[in-house]
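Enquirer: quick one, structure for this:
(chains A and B)
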Amino acid sequence: MNRRMLLGFDWPLIVMILLLGIMGIVNIYSASHSLEQSGAPLHIKQTYWLILGFLTMFIVAWIGPQRLCAMAYPLFAGAVLSLGAVLLFGRVANNARRWLTLGSFSFQPSEMMRIAVVLILAYYFTRRDQAFPYSLPQLAVPLGMIAVPCALIFKQPDLGTTILIFLVGMSIIMVNGVRLISILCMAGLALGGTAFSWFYVIKGYHRERIISFLFPDKDPLGSAYNQIQSQIAVGSGQFTGKGFMAGTQGQLNFLPEHHTDFAFSVLAEEWGFVGAAVTILLLAGIILRSLLLAYRAKDHLGMLIIVGCTALLFWPAIINMAMVTGMFPVTGMPLPFISYGGSALLTNMAAVGLIQGVVIRRYVFSK
Amino acid sequence: MFRLSGKNKPSRHWSQKSSLAYSNITPNKLYQPSENYYTKRALVAAGIFIGLVFIILLGRLWFLQLLQGEAFRFRSENNRIRTLDLPPPRGIIFDAKGRILADNQASFSLALIPEDVRDWELLARRLHTLAGINPEEITELQRLAKGASAFKPVRLRSNLDYTAMLLLETFRYELPGVTVLTEHRRNYPENEAMCHAIGYLAEINAQELQEPSRRGVYRQGDYLGRDGIERSWEEVLRGTRGYRQVEREANGRELGLIDEQPALPGNNIILTLDLDLQKAAARAMGDEVGAVVAMNPQTGEILCLYSSPSYNLNQFGAIWQDLLRNEYHPLKNRAINGIYPPGSTYKIVMAAAGLAEKEVDANTTFHCSGEFTFGNHTFRCWRRGGHGSLNLRQALKYSCDVYFYRLGLKLGVERIAKYARAFGLGDATGIALPHEAQGLVPDPAWKMRRDGEPWLEGDTVPLAIGQGANVTTPLQLVRMVSVIASKGLVVTPTIIKAVVPPGSGEVIAEPPALAYRIPVSSEHLELIHRGLVAVVNEPGGTAGRVRLPGVTVAAKTGTSQVVSLTRARSYGSKANIPWKYRDHAIFVCYAPAEDPSIAISVVMEHGGGGGSDAAPVARHILETYFGLPPSPLPLRRPGPLAAPASGLTERQHE
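Expert: Numbers count the residues shown, from 1 in each chain, chains lettered A, B, ... in the order given. Below you'll find the predicted structure:
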């Protein structure tokens, strides 16, 4: 990496992510305060993860999207194989097989798949001399590239990541260009698919969650419980919040996973509308800034990569916040940079690294 | 995200099926939009979409936090889902015959959850009248209770009596924040005789709570074993805590149970100790300071582990300050932590070393004239007139010092130390109890470390009769004599017979103790054994006091000097010597001699003579063990632990 590339980093993006990450750590300190912990406190761990994340970002940016895309097919194949391996030999935690253990090292292949899907779709579309926009039959291969990992991850089961990969893949396809008629066809298929999966695929507890989301007062102590409590937490924060470490809902331990999936409820309860709005604006800033970078990208590949990576940040953010504010059913999706979690943070920072990798090469003419 | 509608797109190029598919070969870029054209327009649309989504989200927050904020704040204040901690009952400790040594009793504590308190002044007034609590205590609590700690109950009074508990329960709903906690309180039915072996509990402190191994397992207010079995078997005894999640109204009334995980009681433990022997030891030691240890010489099971002075475990919290200040250090477990010169009991080691190293045999004799001069120093035998010529058996029986002075010089310090260590001296026995002392086996290296001076041959002489820097614990002494009793086994003493997990009915026996064989032949051990039998059973032996009807006892007495003989004699009569300058009385024995099942060591600090003062203690324990009618304990003048006595009672003299 030469000096020019280093200067070429998009610093506003880095600053916004750093700010959000620090807010996240402060919030985790408060949220995990009442937890019975073993080992290092979670906010310390998250600090290490954030540092490691920035390191990942620089390394991925340095390798660059060109070189990574050249490996897109083997990478994708590797991710598919390890997803298969997870189903066969994965470690069971919380009623799902998500972790693959190799010696003392364990990882979630679904995290790897998030990046792989972005790379392979971007690569696929730039390698094709194809009329724009695409029609449905021409999309058979890219749709297959989404469907295979989605099916494997759904089997684990991990509904959140399945939805995420589907949305990210569709985002890339859409931005790349699809005929209107094909869009309508896909919408029709999606509706049919939803109806089908509601009756034949979706597990009982997910169905319960969706029902309880639609009719929250039916069973206030059952599966709607989390959502009601989360709304109470957010709402009771009012304008300025209850104060740091003084959120009754969070500190009383009734919010489940309040340092991971429901971290934003704790933040909104303790820092009020002010804190929540700052978080939202920072997230919106990061995502819109990334889109601007996509717009300015020199080549099609760079554009699609940035779009995919932005979608990787956007969809979890919006789903998580919609979930904790009671606009979306509970689907175990952490809020990027705010929720506790090392592997998710590393994946997100790798995505940011891909964006930066495109940005720093805007003056480099490789062809 | 979404394609713009068909009308906006440059249909000239894209909508016509007949037109050439887009390709890079078209030379005129002006008429052929770049391949990014669509993507860029889609990006603009996506940006608008994303902006809208975030605005909707902000609107939702505005709705929840500002428009409905008041209502949600009210709900959050009424919404009190509390997780109540369910501490586990600690495991019960039994003696070898199944008698309870430590169990749990319910006890009630008055606690306050500061967050729930509505009116601090009213609370202070009411608690003053209801429970006699100083209003200043409440004010102090109000000042301290800030932030997250305000949700945790703070214990105000422990061990409430039943009426106080009822009174508080009655008025509880008028006093939000007040709760009555039901806790398990450790109870020790047989506390004084067992106190050192059992140990005690004390509340965990902030620093201990921070230790990685304890985080998540213990909470503030938990008790932790501090000594004895309570400490070394803490993890087995403590159990697993549970919780109860209930929804409550602001005034504390419970609305419903949400989740419950019952506490898992700790494992029960069966000890090898026998309460009868403990009590016998306590009786026999009376008001003297010292320790008694009894062990099965074959298995290493400790049958009795008594240290005097003892204390009341049930009142431990109230008296521990006094115990700390007491000049006789009652908290010290002398059985494993007291170190004493072994005195003449060390002659067992000397005899084994002499025989094994072939410096003496059964027939070798030395002459004792009552004193022994080495260099310019004269060492005396305890018997002024001397014993004349005697062999090993006689030397043991009469406990002749001069015989062993000479043997010691022949062996030299290194070989003595080697056998002392082989007998398990100078190192912890490995019993599963805290604070075990190592004792000391002196050797030239040790002297060089301590004094920076080389070993002199003259140093070896007092060593040979267990004096000098030589120190051992009563537990090491009983193990030492057990080596002879078991024909050569050095066992690791055990105190736990079995662990009984609660509710399962299954009994997990502790694995048998480790043992190793001492490098002394069995004929030599037999020779020493016969000498020890003679000590008790032949006329003139020093331990005639433990001769029992029907049971053959083998023993060795010891009287270890605390000050020089010259100084002791300067007081004239024995009775005039101040307590702390008197000799330690030491006694080791085992029985039945044919197939020993019990070995005992007794140390009576400044108690006088091993044969005269410590032996009757061992006799009392042997009688209890073998179910023999107890012979009366000798009358003694009051020991150091007796209340200050006006005069001397009659004391038996040799």
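Enquirer: show me chain B divided up by domain.
Expert: Chain B breaks down into these structural domains: B:82-271, B:275-316+B:326-626 (assignment by automatic domain parsing).
Enquirer: just the buried residues of stretch A:62-78, please?
Expert: When neighbours are counted by 16 or more other CB atoms under 10 Å in any protein chain shown, the buried residues of stretch A:62-78 are found to be A:Gly64, A:Pro65, A:Gln66, A:Leu68, A:Cys69, A:Ala72, A:Leu75, A:Phe76. Every residue, glycine included, has its C-beta placed from N, CA and C.
Enquirer: try stretch B:400-420
Expert: Under 16+ other CB under 10 Å, the buried positions of stretch B:400-420 are B:400-413, B:415-420.
Enquirer: give me the phi and psi angles of B:Arg99.
Expert: Recorded main-chain torsions at B:Arg99 are phi -90, psi 140, according to degrees, to the nearest 10.
Enquirer: measure it to B:Val500 for me?
Expert: Using CB to CB, to the nearest Å, B:Arg99 is found at 14 Å from B:Val500.
Enquirer: what do you get for A:Met333?
Expert: Relative to B:Val500, and taking CB to CB, A:Met333 is found at 48 Å.
Enquirer: neighbour-wise, which of those two wins?
Expert: For the pair A:Met333 and B:Val500, the greater number of neighbours falls to A:Met333 (25 against 17), based on other CB atoms under 10 Å in any protein chain shown.
Enquirer: now do the same end-to-end measure for stretch B:578-596.
Expert: Using CA to CA, to the nearest Å, the span of stretch B:578-596 from its first residue to its last is 38 Å.
Enquirer: ok, stretch B:130-139 next?
Expert: Taking CA to CA, the first and last residues of stretch B:130-139 lie 17 Å apart.
Enquirer: where do the helices of the stretch 51-200 of chain B begin and end?
Expert: Along the stretch 51-200 of chain B, the segments classed as helices by DSSP state H, counting those that start in this stretch run B:69-78, B:120-131, B:135-144, B:162-171, B:191-198.
Enquirer: what sits up against the first one?
Expert: When contacts are defined by CB atoms under 8 Å, 6 or more residues apart in numbering or on different chains, helix B:69-78 is touched by residues A:231-239, A:248-249, A:269, A:273, B:64-65, B:249-250.
Enquirer: mind listing what's buried along that helix?
Expert: Along helix B:69-78, these residues count as buried under the neighbour rule (16+ other CB under 10 Å): B:Gly69, B:Phe72, B:Arg73, B:Arg75, B:Ser76.
Enquirer: thinking again about what came up before, among the buried residues of stretch B:400-420, which are in strands?
Expert: When those are checked against strands using DSSP state E, none is located there.
Enquirer: just the ones of these in helices?
Expert: Restricting the buried residues of stretch B:400-420 to those inside helices, with DSSP state H as the criterion, leaves B:401-411, B:413, B:415-420.
Enquirer: which one of the helices of the stretch 51-200 of chain B has the most crowded surroundings?
Expert: helix B:191-198 (a mean of 24; mean count of other CB atoms under 10 Å in any protein chain shown).
Enquirer: and that one, how far out from the chain middle?
Expert: Put simply, helix B:191-198 sits 12 Å off its chain's centre (CA atoms, centre = their mean, to the nearest Å).
Enquirer: re the thing from before, worst average pLDDT in the domains of chain B?
Expert: Confidence, taken as mean pLDDT, is least for domain B:82-271 of these (a mean of 82).
Enquirer: circling back to that earlier point, can you tell me which of the domains of chain B is nearest to chain A?
Expert: Judged by CB to the nearest CB, the one of the domains of chain B that comes nearest to chain A is domain B:82-271, at 4.0 Å.
Enquirer: how about stretch A:138-149: buried residues?
Expert: By neighbour count, and taking 16+ other CB under 10 Å as the criterion, the buried residues in stretch A:138-149 are A:Leu139, A:Pro142, A:Met145, A:Ile146, A:Val148, A:Pro149.
Enquirer: redo the buried residues of helix B:69-78 as JSON lines? Include pLDDT.
Expert: Conversion of the buried residues of helix B:69-78 to JSON lines gives the following (pLDDT from 0 to 100):
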{"residue": "B:Gly69", "pLDDT": "87"}
{"residue": "B:Phe72", "pLDDT": "86"}
{"residue": "B:Arg73", "pLDDT": "84"}
{"residue": "B:Arg75", "pLDDT": "78"}
{"residue": "B:Ser76", "pLDDT": "79"}
